[in-house]
Every structure is written in structure tokens, then in C-alpha cells.
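3D model of this:
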Amino acid sequence: MNIYIFTANKTNVDIAGNIAAIKNQLPEKVRLVAVSKTKPVEDILAAYHAGQRIFGENKIQEMVKKQELLPKDIEWHFIGHPQTNKIKYIAPFVSLIHGVDSFKLLKVIDSEAKKNNRKIACLLQLHIATEETKFGFNTEEVFEALDSPEFLNLKNIVVCGVMGMATFTEDIDRVRNEFRNLKTIFDSLKMKYFQDKPEFCEISMGMSDDYRIAVEEGSTIVRIGSKIFGERIYQH
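Take a look at the predicted model:
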């Protein structure tokens with residue numbers, strides 16, 4: 001079992017310099033999510049003072065604690081696999097939930113958003129990798145969900161696009177094809193369900209090791225952690 005060390009940055013990582021270097025490589029239309037999971041508030045503040053405002057977390061409890069301690073103009077993105085019984089804790093403030101991989105989860109987010117008198121933006125996570133351990137709708141399931149009459153009754157969510165994770169491999173062609181597949185699915189969903197919905201415009205794909213390929217294949221949001229904050233420190 002991995003235990004995260006939640007302490008101040010001891011590695012003298014140039015967080016501000018790393019952010020500047022990455023943003024210089026990104027097209028203007030591509031947004032950077034600084035993946036701050038397991039990182040202390042000191043590191044997040046270093047990124048914040050460098051101008052970064054979007055941060056991604058994958059543990060709800062950790063995200064809630066950080067949100068309470070950090071500036072309120074931070075845009076929090078939940079990038080993990082959310083448990084339905086914990087959505088209520090982030091519903092009051094979360095800006096975007098990336099990993100929506102079931103219709104059941106969509107319904108829970110809608111319900112919790114309604115309780116908080118707000119609409120929550122969501123991305124539909126597609127399973128594009130060859131690894132079975134990754135989550136996500138398959139193509140048939142996502143069309144089935146959006147064809148459901150129940151979907152039209154969800155008034156407190158805003159489906160803004162899709163999200164996917166490529167296979168963890170050094171095979172660049174495979175990664176590129178998986179990202180290209182996600183873009184194709186996005187285009188199909190846009191054409192069939194969201195032609196008149198300008199908010200359906202996001203493709204969240206690409207992390208520290210593959211974001212350049214993702215951007216070439218149409219990504220509008222990249223999720224980068226280690227190339228900003230340095231490698232995570234784990235204690236077994």
C-alpha cells in the first residue's frame with residue numbers, strides 16, 4: 001500500500017519555471033491542469049503565484065482539505081475515479097469533473113449539484129486504452145447513455161466534452177492512435193447530440209509523458225503533474 005507524504009517541497013523544484021516552459025509549448029486554446037495530487041499546499045501556492053489557477057486532484061478528501069486552505073479563485077478539477085457517495089463533498093465548489101464513466105455517476109452529480117443550486121461541468125470518460133485497469137465508457141455505452149430519455153432530465157450537469165487516458169507504453173504510434181480515436185468519438189458525439197451546445201468543446205487528454213502528442217491530436221486540456229512539481233514521493 002502506498003502512503004503519500006504530504007509535506008513541504010524538499011526537492012527545490014523550479015515550479016514556476018516548469019509552468020512557464022510548459023505553457024510556452026501549449027497553443028493558446030489548450031488549458032493546463034496542474035495535477036497537484038499528493039502535493040502540499042506550499043507547492044500549490046508556488047504554482048498559484050506563478051499564475052496557475054487550475055489544479056487537479058484525484059482524491060476527494062484531499063481535494064476538500066486543500067480547497068479549504070487555498071485561495072478561492074482556484075478552479076478545482078477532479079481528475080480521479082469518483083465514488084458516488086463522496087460527490088456531495090466536492091459538489092459545492094468543483095469546477096469540472098473529468099472522469100464521469102457511468103450514467104449512474106452522472107445522475108448522482110446532477111442530484112448533488114441541484115442540492116447546491118448550481119450546475120456542475122462534466123466530461124465523459126472514454127476507455128481508449130488497451131489496459132483493462134483504466135475506467136471509462138466504451139463507445140456503445142456512451143451513445144446508449146446519451147440516447148436515454150433520462151439524460152434529458154438531468155438539468156444540473158453540463159456535459160462539456162470527453163476525457164481519456166492512453167495506454168502506458170513507449171509505443172508512440174499506439175498512444176497517437178488512441179488519442180485520435182478519442183477525437184473521432186468527440187466529433188461523433190458533437191455531431192449527434194451537441195451541435196447546438198457550444199459548451200461541448202473540451203477534449204481532456206495528455207499527461208506529463210504524452211501531452212505533446214495529445215495536443216497534436218486535438219486536446220484542449222492537458223493534465224500535467226510530475227513535469228511541474230517533480231516526481232511524487234511514496235513511502236511503502
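
mean confidence score for stretch 62-70?
Per-residue pLDDT over stretch 62-70 has a mean of 97.

could I have the CA atoms of it written out in CSV?
Output of stretch 62-70 as CSV, limited to C-alpha atoms (Å, rounded to 0.1, in the frame of the first residue of the first chain):
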residue,chain,number,x,y,z
GLU,A,62,-7.5,15.6,-0.1
MET,A,63,-9.2,18.0,-2.6
VAL,A,64,-11.7,19.2,0.1
LYS,A,65,-8.9,19.9,2.6
LYS,A,66,-6.8,21.8,0.0
GLN,A,67,-9.8,23.8,-1.2
GLU,A,68,-10.4,25.0,2.4
LEU,A,69,-6.8,26.2,2.8
LEU,A,70,-6.1,27.8,-0.6
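
what are the buried residues along it?
Neighbour counts over stretch 62-70 (16 or more other CB atoms under 10 Å) mark 62-64, 66-67, 70 as buried. Where you see a C-beta, it was placed from the backbone N, CA and C, and this is true even at glycine.

could I get the residues you listed as TSV with distance to I128 and secondary structure?
Below are those laid out as TSV (distance: CB to CB, whole Å; DSSP: H, G, I helix; E, B strand; the rest coil):
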residue	distance to I128	secondary structure
E62	27	helix
M63	25	helix
V64	30	helix
K66	29	helix
Q67	30	helix
L70	32	coil
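
any idea which helix or strand comes after the biggest helix by length in the chain?
Longest helix of the chain, by residue count under DSSP state H: helix 172-193. With elements assigned by DSSP states H and E, the helix or strand that comes after helix 172-193 is strand 202-204.

list the buried residues of the helix or strand following that following strand.
In the C-terminal direction, the helix or strand that comes right after strand 202-204 (DSSP H and E) is helix 211-216. Residues of helix 211-216 classed as buried: 211, 213-215 (neighbour count, 16+ other CB under 10 Å).

from these, pick the one nearest S111.
The nearest member of the buried residues of helix 211-216 to S111, counting by CB to CB, is A214 at 32.1 Å.

pLDDT score for the nearest residue to that closest one once chain neighbours are set aside?
Spatial nearest neighbour of A214, excluding adjacent residues (CB to CB, 6 or more residues apart in numbering): G206 at 2.7 Å. Each residue has a pLDDT score; the one for G206 is 97.

tell me the contacts of G206?
By CB atoms under 8 Å, 6 or more residues apart in numbering, the residues touching G206 are 179, 212-215, 219, 221-224.

do the same with F137
F137 touches 101-102, 124-127, 145, counting by CB under 8 Å, 6+ apart.

which ones among these are found in helices?
A145.

make JSON lines out of the contacts of F137 and add pLDDT.
Shown next, in JSON lines, are the contacts of F137 (pLDDT from 0 to 100):
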{"residue": "D101", "pLDDT": "94"}
{"residue": "S102", "pLDDT": "94"}
{"residue": "L124", "pLDDT": "98"}
{"residue": "Q125", "pLDDT": "97"}
{"residue": "L126", "pLDDT": "96"}
{"residue": "H127", "pLDDT": "94"}
{"residue": "A145", "pLDDT": "95"}
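
and the two most separated of the contacts of F137?
Most distant of the contacts of F137, by CB to CB, are H127 and A145, 13.5 Å apart.
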